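Engineer: Got a predicted structure here, sequence first:
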Amino acid sequence: MAIKFGRPIEMRDDATRNHPRTAAAPSLDLSTRMRRNRKSEWARRLVRENVLTTDDLIWPLFVVGGNNTRTPIASMPGVERLTVDQCVRDAERAMKLDIPCLALFPYTDPSLRDDNGSEALNADNLVCEAVRAIKKEFPELGLLCDVALDPYTSHGHDGLLHDGRILNDETVAVLVQQALVQAEAGCDIIAPSDMMDGRVAAIREALDDAGFLDVQIMAYAAKYASAFYGPFRDAIGSSKTLTGDKRTYQMDSANSDEALREVELDIAEGADMVMVKPGLPYLDIVRRVKDTFAMPTFAYQVSGEYAMIAGAANNGWIDGERAMMESLVAFKRAGADGVLTYFAPAAAEKLKGQR
């Protein structure tokens, strides 16, 4: 005989019967046991609501000058700056792991940085060189290129700086040229991360006019001014050069409705995909964006999020592999179609049964 864990819910009186919260309450048989669907791995797989695959992963790489060199980044355990030839080798690894896309970020030599971020417009800069080298060997691998000036400016900001103020429209004009340079090199996805107003429309128009009709735009649509970017700034070399902060153009972490306005504007301007950044602290934003717009929606599991998990795992405080997978599934559960994550190769190996 099944054990009854309580009694069926009953209506108590006329006043309760008419109460809006209880009027429709059903009579429940509390012999239901939710644990039956959790009893074994095969059963859990059958009823699993969200599934992570390698198709959900975008792998960010940091490019540095030189040859045949991999330089560890101290604040991001397990992540390295790669010379172009080593980027090609990691591209080969991505292909073998079925990771569909790489995101490229440069570490620009300080001697090449200036107030205007001029190196961003150099058709032979590190990003463009890496794009051409990877596409030569692996033309079917997707490449995403960041559009912003912070890796190239001497002041570490995403835009042009004048008397302590970021110039919006003047910056957009430079970003348009940066996007064209990257598209000409062979970039598949232009990803403006600068948070200047109107830049998506300007980039889309310029790409179309130049014949790059099939180049996609993934807008960093809801990018918050966050403390979680620190290790990334170490990786691209802007942590020591940044003057002031970015709160006049990146979003306030307290705001949610504003994110929807930002996303709506970027979609109207021609974005093919939108992104929320950072990731785990902003899963509520991912959910609202996906529910509201039903657009391809991505999240960036940023450097600080990665460093916390990797650092804790290296100290033996948590099971790193389980924490990695749990965090990535969280993005899927929140509604993300994909994740930019430094865990991409390790996660792909796990998913493919190689670790």
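Structural biologist: Alright, I've got the coordinates. Residues are numbered from 1 along each chain as shown.

Engineer: Name the nearest residue to Tyr152, sequence neighbours excluded.
Structural biologist: Nearest non-adjacent residue to Tyr152, counting by CB to CB, 6 or more residues apart in numbering: Gly117, 3.7 Å away. C-beta here means a position set from N, CA and C on the backbone, and glycine is covered the same way.

Engineer: Pull the contacting residues for the one you found.
Structural biologist: Gly117 makes contact with Leu149, Asp150, Tyr152, Thr153, Leu160, Val174, according to CB atoms under 8 Å, 6 or more residues apart in numbering.

Engineer: Which of those residues fall in helices?
Structural biologist: Members of those lying in helices (criterion: DSSP state H): Val174.

Engineer: Distance check, the nearest residue to Glu264 once chain neighbours are set aside against Leu260.
Structural biologist: In space, and not counting its chain neighbours, Glu264 is closest to Phe293: 7.2 Å by CB to CB, 6+ apart. The spacing between Phe293 and Leu260, counted by CB to CB, to the nearest Å, is 8 Å.

Engineer: got it, and Met325?
Structural biologist: If you go by CB to CB, the gap between Met325 and Leu260 works out to 30 Å.

Engineer: Look up how far Val64 lies from Gln250.
Structural biologist: For Gln250, the distance to Val64 - CB to CB - is 25 Å.

Engineer: my bad, should have said Leu161
Structural biologist: 25 Å.

Engineer: Need the phi and psi values for the most centrally placed residue in the chain.
Structural biologist: Central residue of the chain (CA atoms, centre = their mean): Tyr300, 1.9 Å from the mean position. Backbone torsions for Tyr300, taken as degrees, to the nearest 10, come to phi -110, psi 110.

Engineer: What is the least confident helix or strand in this protein?
Structural biologist: Least confident element among the helices and strands of the chain, by mean pLDDT, DSSP states H and E: helix 14-17 (a mean of 47).

Engineer: Can you name the element that comes right after that one?
Structural biologist: The element immediately downstream of helix 14-17 (helix or strand, assigned by DSSP states H and E) is helix 41-47.

Engineer: Centre of the chain to the helix or strand just after that next one, how far?
Structural biologist: Beyond helix 41-47 in the direction of the C-terminus, DSSP H and E gives the next helix or strand as strand 57-63. Centre-to-centre, strand 57-63 and its host chain are 10 Å apart (CA atoms, centre = their mean, to the nearest Å).

Engineer: same question, stretch 119-130
Structural biologist: Chain-centre distance of stretch 119-130: 22 Å, with CA atoms, centre = their mean.

Engineer: please renumber so the chain begins at 329
Structural biologist: Sure thing, new numbering starts at 329, so read that last one as stretch 447-458.

Engineer: how long is that stretch from one end to the other?
Structural biologist: 15 Å (CA to CA, to the nearest Å).

Engineer: what number of residues lie near Met362?
Structural biologist: The number of residues packed near Met362 is 6, by other CB atoms under 10 Å.

Engineer: cool, and the one 3 residues further on?
Structural biologist: Around Asn365 sit 12 other residues, with neighbours defined as other CB under 10 Å.

Engineer: Isn't Ile427 up against Pro673?
Structural biologist: Yes. Applying CB atoms under 8 Å, one finds Ile427 in contact with Pro673, separated by 7.1 Å.

Engineer: No more questions from me, cheers.
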